[in-house]
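Q: Need coordinates for the below:
(chains A and B)
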Amino acid sequence: MTLNFSAIEAKWRTAWYNAKINESEPRPGEKKFFMIFAYPGVTGYLHVGHMRGYTFSDAVVRYKLMTGHNVLFPVGTHATGNGAISFARKVERQDESVIEILRANGCPEGTMSRLSDPLEVVRFFNNVYVNDYWKRFGFMSDWRRFTCTINPDYSRFIEWQMRKLKSEGLLIQKPYFAAACIEHGPVAVDASETDISKGGNAEVLEYVLLKFDLEDGRKLVAATLRPETVFGLTNFWVNPEVEYVDVRVGEEIWVVSKQAAEKLKLQKDDMEVKGSANGAELIGRRCRAPFTGKMLAIFPSLLCDPNVGTGLVMSVPSDAPVDWIGLVELERDKTSRGKYGITDKMLQDSQPVPIIKTPGWGPLPAVEITEKMGITSLSDPKLEDATKEIYKSGFHKGVMNEACGDFAGQPVERAKEAMREEMLSSGQADLLYDLSEEVLCRCGNRVLIKKIPDQWFIDYANPALTERSKEQALTMKILPREYYENIQGVLEWYRERACVRLGNWLGTRFPFDQKWIIEAIADSTLYPVYYVISRYANEGLITAERMDEGFFDYVLLGRGDLEAVAKATGFSREVLDRVRAEFEYWYPLDINLGGKEHMTVHFPVFLMNHVAVLRPQHWPRGIIVNWYITATGGKISKSKGGAQPIPDAAERFGVDAMRLFYAHIASLYVDVAWEDEKVEGYRDRLERLWNLASELSAIDTDAVTEVDAWLAARMQTRLVRLHKFMAEYDLRSYANDVYFEIPQDMRWYLRRGGKNKMAISKALETWVPLMVPATPHIAEELWERMGKAPFVSTAQLEQGSITDSVLIAEAKEKLVERLMADVSEILKVTEMRPTRTTIMTAPAWKQDMFQDALADPKSRPDVSALIKSAMARHQSPELKKEIPAFAKEIAAEVAKMSPEDRQVLGARVSERETLSGAKEFLEAEFGCRVDVFSADDPARTDPKGKARFARPGRPAVFIE
RNA sequence: GCGAGGGUAGCCAAGCAAGGUCAAAGGCGACAGACUCAAGAUCUGUUCCCGCAGGGGUCCUCCGGUUCGAAUCCGGACCCUCGCACCA
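A: Take a look at the predicted model:
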């Protein structure tokens, strides 16, 4: 029969939500479990990959619910930033790809036009996320608590958070250099290119500006990334075709390209353009280098790009292939030399000077590499590779040589920093921030780096905060284990982070200066707290306008006086105390789960904000990081739309099949490629389990067999294992046992001739509830078919216990399985068709000795002690030779066993009795007569003398 | 570049922190058998090599080391993925 998953899912999610079993109320005295997943940013449709982490969270929550916890699992969305704005803009200009995505996801045409409004975008997607994704997947989430970061009440909370950070001294102000469009203000430069139309991969570079004195008092300003190479300067490059300008910066007159002047204007407070400067006129003159004071000739070079740096370049031919080839070309170019009056003497004075010792290279790497690569002209494209190669090895492995004064012997990396500092403080250098490639705003203007003099930061570098956060992290459950260790380093490394920004963004106004909007990472760190409040705001019991500082202080920090707060806010005392009690009940947060992209962004600041603002008993208890589900060809891209809409996938594969896929396909801590066939495989698996359960339920006999006890025992063993897995949030191992191992146990039971109605229904009652975390809908349906009252979702899982009788039952069955494996091995090799099988279990003396060995507390049993006691027990002369040999063997074997195995095997079972009991089964399996003897039974048939091979746990076998 | 993670049998994927119980779970695929008129589904078995008695050999990217013993620990090489801060 084919199951109608879709109907089953709809039936049960409706039933759950009608019965409100997903709603969370504090129940004082009862254990609580509070988990969230990092809420998604509202930037468009999500894809099937996103559901992995969410589903994992729901599975954990459901498991906790079934193991004695009162759970809280709220959800929300994060709309701060420019995601919704950029989406709305695309709709507005009828961007084809966006319209296409909307259509593909079934967005009605009428709704589409509304989505040119960012707030409508947020509203629309909030609805999609909650209804089409999370409810559709049957999450045990308390929908009453939904919140979104641009809700007015949420904003009050964020304002409060900022006030607390400020009063803790954690908000600081200092200049900052940010990418900005002249028209539109700050823009985001990132690969998704939401704000920009070109240059998403650009990086912000910090150039050191070096000032070269001209005789007329002006300064030629060269921009460099390698200030330490001033020791190797030989000349200066000016492009005769570029338009330069004189600018006044403070007291000084600088010469830079016109384009560079524009950049400087955005970054220097006291600066003005004086007039144009003639580049060609400078060529042939001389300038004095900073730091060394060396006089340098000025040569022409058409390679100086007015858009890069200052459009003026200093020349270090020892280590810059471009500079070296520039000189080589100039030497050849008699015309230019004549035109600019460049003499042989000037060229001779510009010979490369070795300054850096780099392993694998001679004193003049630039000369060496151009020769090796056969580069002789500035137009050779290989020049770029050569430059990269020399830069890389010189910078990372090089050491300054004896020509470098005080810096001789220092690694280049260190010398660079030291010289930068020294020249900056002595006024010989300055800084210029620039983008590594051209970036264009959506409006078409060029994006430049602009100084923001009064930028606010959260001071995550604060030593006390860092220290307390690190200590807290040590006490937390953080998975995977690698991240538990790494987060220490991440917290240490965290610096101040800009927490507000200018421009057109969604978010909360900064309470200390309304021109700023609070930035997206800053307003999403403390928010799990808000889920205990949002519910009251959503129900209208408290209102945004009146949620003041005193209100939050009272409910979250336990500060202030109830009467005063009630009076100031107008909220009822009863509500105020309910909110406060609810916070005290649910907090701290037990688990925050989020994707791996959060490891160096959200998680550390999430922790630090809690530590900074809340009392220690409310600091977080756990973090789980999930890796991604990717498309077969690479990452499923959020900005480019999901591979298939989530509701479509749910319809096609079934929610439970998808949930099982997420749970079982791999550990949470590896990336997995989404493949339709795999999800279909899980759907088929669920159908098979359904059929198996039906087949078992249909059995209606009371016949008692020895496997009944085994089945009961095996379920106990499984339960204990399963709870151990979930203690580590190892949902994958859990699912493996529930969906693959337990069905295997059930089939084995049937194959062994089990058919006891009571035993079966007992096992099903254990098994079906175990399916709830991963596949709740199908579990409910099975539960109902079994005649149980709803809901299995709220049932409690058995704990399971491993008693002696469990051990014995397991050991017996293991014996049978082991024997079957041996027999089939023999049959396979010999290709016999058996007519009779004789099984000879180990003789009493071997069994006794085996038990002695297991009982020995030493990890390696004492061979001579084994021999002694065996000799004392068994006097027969023919054993005299066998005992020592076997003692040695058995001691070695036992030495290798785990304590668990020893325990199992120590549960002494009569092998002959056990196998005799399974005789009928074995005869059916082997298709021949089976006789079971003890090896020391004279009645046995053993013409080939196999009996002596009998060992405890592995009887001898003779097949004819 | 800096920081982090990874490379396991035809494929996917456990194992690796606490070395021995690992020829290495589980799934998929393939092959064989049962069932069936047949196909599919299902169930059972096999799926590195050798072996007519339950055994042996060679394996966990490559090279080297530690150890009685290494998929697991250490060093090196090659390859892949992710994060690097105002996109969230």
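Q: C-alpha only now, for contacts and for neighbours.
A: Noted.
Q: In contact with A:Tyr662, which residues are there?
A: Taking Cα atoms under 8 Å, 6 or more residues apart in numbering, we find A:Tyr662 in contact with A:52, A:55-56.
Q: my bad, A:Lys757
A: With contacts defined as Cα under 8 Å, 6+ apart, A:Lys757 is in contact with A:697, A:699-702.
Q: ditto for A:Thr569
A: A:546-548, A:551.
Q: so which of the residues you listed is the most crowded?
A: A:Phe551 (26 neighbours; other Cα atoms under 10 Å).
Q: For chain A, name the helix or strand with the lowest mean pLDDT.
A: Lowest by mean pLDDT, DSSP states H and E among the helices and strands of chain A is helix A:899-906, with a mean of 68.
Q: helices or strands up against the next helix or strand after that one?
A: Once the chain leaves helix A:899-906, the next helix or strand it forms, by DSSP states H and E, is helix A:911-917. Helix A:911-917 sits against helix A:804-830, strand A:836-841, strand A:929-934, with contacts defined as 3 or more Cα pairs under 8 Å, 6 or more residues apart in numbering; DSSP states H and E.
Q: so does helix A:911-917 get close to RNA strand B?
A: No. Applying Cα under 7 Å from any atom of the strand, one finds helix A:911-917 separated from RNA strand B by no less than 12.4 Å.
Q: Go through that helix and flag the buried ones.
A: If you call a residue buried by 16 or more other Cα atoms under 10 Å, then helix A:911-917 has these buried ones: A:911-912, A:914-916.
Q: before we move on, what about stretch A:279-294?
A: By neighbour count with 16+ other Cα under 10 Å, stretch A:279-294 contains the buried residues A:279-280, A:282-291.
Q: repeat for stretch A:837-853
A: Residues of stretch A:837-853 classed as buried by neighbour count (16+ other Cα under 10 Å): A:837-843, A:845-853.
Q: Determine which residue lies closest to the centroid of chain A.
A: A:Lys596 (1.6 Å; Cα atoms, centre = their mean).
Q: State the pLDDT value of it.
A: Looking at A:Lys596, its pLDDT stands at 90.
Q: winner for burial among the helices and strands packed on helix A:911-917?
A: Ranked by mean neighbour count, the helices and strands packed on helix A:911-917 are led by strand A:836-841 with a mean of 24 (mean count of other Cα atoms under 10 Å).
Q: chain center to stretch A:826-842: distance?
A: 53 Å (Cα atoms, centre = their mean, to the nearest Å).
Q: any idea how far A:Asp737 is from RNA strand B?
A: For A:Asp737, the distance to RNA strand B equals 8 Å [Cα to the nearest atom of the strand, to the nearest Å].
Q: How many residues are close by that residue?
A: 20.
Q: cool, and A:Glu183?
A: 12.
Q: Any idea which of the helices and strands packed on helix A:911-917 gets closest to RNA strand B?
A: Among the helices and strands packed on helix A:911-917, the nearest to RNA strand B by Cα to the nearest atom of the strand is helix A:804-830 (3.9 Å).
Q: Any part of the closest one near RNA strand B?
A: Yes. Applying Cα under 7 Å from any atom of the strand, one finds that helix A:804-830 is in contact with RNA strand B at A:819, A:821-823, A:825-826, A:829-830.
Q: same for that helix, what does it pack against?
A: helix A:706-727, helix A:899-906, helix A:911-917.
Q: what's the neighbour count on the spatially closest residue to A:Met786 that is not a sequence neighbour?
A: Leaving out its chain neighbours, the residue that sits closest to A:Met786 by Cα to Cα, 6 or more residues apart in numbering is A:Ser697, at 7.6 Å. Residues lying near A:Ser697 (other Cα under 10 Å) number 15.
Q: any chance of the contacts of A:Tyr662 in JSON lines, plus secondary structure, distance to RNA strand B and neighbour count?
A: As requested, those are arranged in JSON lines below (DSSP: H, G, I helix; E, B strand; the rest coil; distance: Cα to the nearest atom of the strand, whole Å; neighbours: other Cα atoms under 10 Å):
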{"residue": "A:Arg52", "secondary structure": "helix", "distance to RNA strand B": "14", "neighbour count": "21"}
{"residue": "A:Thr55", "secondary structure": "helix", "distance to RNA strand B": "17", "neighbour count": "23"}
{"residue": "A:Phe56", "secondary structure": "helix", "distance to RNA strand B": "14", "neighbour count": "24"}
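Q: In terms of distance to A:His777, which of these ranks first?
A: A:Thr55 (13.4 Å; Cα to Cα).
Q: Spit out the contact partners of that closest one.
A: With contact set as Cα under 8 Å, 6+ apart, A:Thr55 has these partners: A:137, A:139, A:659, A:662-663.
Q: Could you rerun that using 10 Å?
A: By Cα atoms under 10 Å, 6 or more residues apart in numbering, A:Thr55 lies in contact with A:37, A:61, A:134, A:137-139, A:658-660, A:662-663, A:773-774.
Q: most surrounded residue in those?
A: Highest neighbour count within the contacts of A:Thr55: A:Ala774, with 31 neighbours (other Cα under 10 Å).
Q: Let me see the confidence value for it.
A: Confidence score, pLDDT, at A:Ala774: 96.
Q: Run through the residues that contact it.
A: A:55-56, A:58-60, A:62-63, A:656-664, A:731-732, A:734-735, A:738-739.
Q: Keep only those of the contacts of A:Thr55 that are in strands.
A: Assigned to strands by DSSP state E, the following of these qualify: A:Phe37.
Q: Please list which of the contacts of A:Thr55 also come close to RNA strand B.
A: Applying Cα under 7 Å from any atom of the strand to those, none is adjacent to RNA strand B.
Q: Just the closest residue of chain A to RNA strand B, please.
A: A:Ala188 (2.0 Å).
Q: what's the burial count for A:Gly110?
A: Using other Cα under 10 Å, A:Gly110 has 8 neighbouring residues.
Q: So the nearest residue to A:Ile452 once chain neighbours are set aside, which state does it fall into?
A: Leaving aside its sequence neighbours, A:Ile452 sits nearest to A:Tyr176 (Cα to Cα, 6+ apart; 5.1 Å). Assigned with DSSP: H, G, I helix; E, B strand; the rest coil, A:Tyr176 falls in the strand class.
Q: Retrieve the pLDDT associated with A:Tyr176.
A: The model's pLDDT for A:Tyr176 equals 89.
Q: about what we covered before: next step: the contacts of A:Thr569 restricted to helices.
A: A:Phe551 (DSSP state H).
Q: now, which of the contacts of A:Thr569 sits nearest A:Trp456?
A: A:Asp548 (22.5 Å).
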